[in-house]
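Asks: got a predicted structure plus its sequence, pasted below:
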Amino acid sequence: MQERLAFTASFLGNGAVVSRAIEGLSGPVIDQQFGQFETWTQANAFASRINEGLDLKLSEVRQIVTSSVLCANDLFQVVDASQCVCGRMANPPIPVSSGLQFLFVELDIAVTFCRMLPAMPSFARANRLLHSVRGTIFHALYYVLYSDICAHCQEKISGKLVRLLEALQEAFPQQENSEVTLDEIALRFR
């Protein structure tokens, strides 16, 4: 059976792009050859014209795109559900779980976002960064509470969370009594 291909619109930053979806493969993937559009509606209209040229009905496009998105979600669930597989004999232990590696990078990026917050030229951009930081905190706490990871990895996540909270408090120094501890945040998610 031949792979079926369809195009759809996706948000990217303040604009939108056209993405390519292949049925049964993880995606959709941004197709850079079409450039960036000011609005999602413009990108969607462009993607619809391409799909018409491929003789695809709207129901077929939805089926192809949905299949591609579901494959991507399955991939993320496999990564997210991975258990801790530390190289405990190494000094220091090295996490080899892709889910943990992703979480560690995500926490480091969130710290960088916190350092960028005071210099943001617009409230909307700062708000997007802050939203991303909050999502990272939730993701880290969820991983600690609901994943099967060793004490070493829990300590490493906790250390990175403390560093993130410190960076967040440094970004908003004018607020008194804004000290939030890791324990208080963890209690809110239990």
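Replies: Good, I have the coordinates. These numbers come from a predicted model, not from an experiment.
Asks: only C-alpha atoms for contact and neighbour calcs from this point on.
Replies: OK.
Asks: and the residue sitting furthest away from the middle of the chain, what pLDDT?
Replies: Distance from the centre of the chain peaks at Asp55, with 33.5 Å (CA atoms, centre = their mean). At Asp55 the predicted local confidence, pLDDT, stands at 92.
Asks: assumed it was part of a helix.
Replies: No. Counting by DSSP: H, G, I helix; E, B strand; the rest coil, one finds Asp55 to be coil, located in no helix.
Asks: can you give the domain ranges for the protein?
Replies: When the chain is parsed into structural domains using automatic domain parsing, the resulting residue ranges are 5-79, 86-189.
Asks: and these, which is most packed in?
Replies: Between these, domain 5-79 has the highest mean count of neighbours, a mean of 18, where neighbours are mean count of other CA atoms under 10 Å.
Asks: for Leu161, give its distance to Leu54.
Replies: Using CA to CA, to the nearest Å, one gets 48 Å for the distance from Leu161 to Leu54.
Asks: what does Ile22 give?
Replies: Ile22 sits 13 Å away from Leu54 when distances are taken as CA to CA.
Asks: show me the strands in this structure, by range?
Replies: Assigned strands in the chain, in chain order: 5-12, 15-22, 29-30, 36-37, 86-87, 94-95 (criterion: DSSP state E).
Asks: got a pLDDT number for the residue lying closest to Gly15 once chain neighbours are set aside?
Replies: Once flanking residues are discounted, Gly15 sits nearest to Glu38: 4.7 Å by CA to CA, 6 or more residues apart in numbering. Turning to Glu38, the model gives it a pLDDT of 91.
Asks: shouldn't Glu38 be in contact with Val18?
Replies: No. Taking contacts as CA atoms under 8 Å, Glu38 lies outside contact range of Val18: 11.7 Å.
Asks: having no further points to raise, I will conclude here.
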